[in-house]
Every structure is written in structure tokens, then in C-alpha cells.
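Chemist: Take this sequence and fold it.
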Amino acid sequence: MVTIIDYNAGNLTSVRRALDFLDIKCKITSDPDSIAKAERIIFPGVGNAKSAMQNLKGGVADALYEAVKRGTPFFGICLGMQIMMTHSDEGDTECLSLFDGGVRLMTPEDKKLKIPHMGWDSLTYQKKHKLFLGVDPRSEFYFVHSYYVDPKNPDDSVALSEHGIVFTAVIGKENMFATQFHPEKSGEAGLTLLKNFAKWEGEAHAE
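Modeler: Here you go, the predicted structure:
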């Protein structure tokens, strides 16, 4: 069973629809007790870092920490990825600190490039990861974002992408994994990631 965290940050229906399509059992909840005991967690998000963190204060955030500490497989998506970091420049927001690093506004030198970064882009892989097993390395994924994560530990970066600047598009360590792109909107490649997550036990790297 995959638990999808409801913290009023949007994007819940499309994630559930993708899991339903894959015949993966899931539920959407904001109940701290259910989150703390979850078998595996998807942490989605579309919106603003400050308002998202305000919605996570108290029981939900504590439940997320408990689940991560327990080794629960954890998948952050888009804003969900960003607020796994220590701090976001969006609204000068203190985040969850599940990864050490910040979140920065995209400022490409080429002013013709539009922000937010919206559309399909490829990845440059920094390491192997079990969630990418069966994914064609030439695959493109769907992005919608104005901010990007800047991890302090380079080893946390699984893959990069580029939109005027090179940025970290995928992070991962231990039982945690997160993507700046939306796997649920990224066709067959994104569905493969979600399918792999449904059986992933938290090992960080492929052999």
C-alpha cells in the first residue's frame, strides 16, 4: 500500500490515477498516525514552499520524520522534493531537512528561456539507482518548476537536467528518493519509476 500525503499542495489526483493505472494500492491521507505507520510514502506537491510547510507543521511533519527514521520507502515529487531540503529561498522557508542543502530560484543567463521551466527534458545520470531499472536512459520527463534543489553533498544527486543552468533533477539516499519532474505525467518512463517504487525496499544504489 502506498500512502500519498495530503498537505494541501495539489497534484494528488494525478498521482493516484497513475498508481490506479498500475494496479498499485494507494490511499490519500493527512492523518499522522496512518503516515507514521505507512508501508511506503509518496510526498507530492505543486505550489508554494511556505504555505506547504505551514500545512505540515505539527503532527504530519512529525509522522514523516518517524516514517523516514523507520526506513519507510519515501518518494518526493516536485515541491515535495524541494521541501525535503534544509531551506528554500521561496518565501525564506525552513524546510524538513531530510537532505542537507537549499532550494534556489532558476536564473538562466539566456533571458529568452522562460521561467517556470515547463516541458520535457532528458536526464544526465550521476549514478545508478534501482528506481531507474528498466527506464531507457534516453527518456525524457515532464518538468514544471521555477526553483531547483542545491544539495550540499554531491553524492545525494542521482541525475541532472538543464534549462539554461544545470540543476539536480533527482536526489536519493538510503530509503529516500525524489524527482523535480512529475513521474505521473512522464509517460512510460515515469510509470516505470512508480512501478519500481512499489517494490523498492530502500537500498540506494543498483549493483
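Chemist: Hmm, residue 182 and residue 190 touching each other?
Modeler: Yes - the pair residue 190 / residue 182 is scored as a contact, 7.0 Å apart, by Cβ atoms under 8 Å. C-beta coordinates here come from the backbone N, C-alpha and C atoms, glycine included.
Chemist: what residues are shared contacts of the two?
Modeler: Residues touching both residue 190 and residue 182 (Cβ atoms under 8 Å, 6 or more residues apart in numbering): 141-142.
Chemist: in what helix or strand does residue 67 lie?
Modeler: helix 59-70 (DSSP states H and E).
Chemist: Show residues contacting the helix or strand following that helix.
Modeler: Heading C-terminal from helix 59-70, the first helix or strand you meet, by DSSP H and E, is strand 74-77. Strand 74-77 is contacted from outside by 11, 15, 40-45, 64, 67-68, 83-84, 98, 175-179, 182-184, 194, 197, using Cβ under 8 Å, 6+ apart.
Chemist: cool, stretch 14-30 as well?
Modeler: 1-7, 12, 34-35, 42, 44, 60, 77, 182-185, 190-191, 194-195, 198.
Chemist: Need the distance between the two termini of it.
Modeler: One end of stretch 14-30 to the other measures 17 Å (Cα to Cα, to the nearest Å).
Chemist: what comes up buried for stretch 44-60?
Modeler: Neighbour counts over stretch 44-60 (16 or more other Cβ atoms under 10 Å) mark 44-47, 49-53, 55-56, 60 as buried.
Chemist: ugh, wrong one, I meant stretch 123-136
Modeler: 123, 125-126, 129-132, 135.
Chemist: tell me the strands in this protein, going along the chain?
Modeler: 2-5, 26-29, 40-43, 74-77, 87-88, 93-94, 101-105, 117-122, 124-125, 140-145, 147-151, 157-163, 165-173, 176-179 (DSSP state E).
Chemist: now the fourth one: mean pLDDT?
Modeler: Strand 74-77 shows an average pLDDT of 97 in the prediction.
Chemist: I'd like the distance from that strand to the chain centre, please.
Modeler: Counting by Cα atoms, centre = their mean, to the nearest Å, strand 74-77 is centred 4 Å from the centre of its parent chain.
Chemist: Number the residues from 5 up from this point.
Modeler: All right, first residue 5 from here; so that's strand 78-81.
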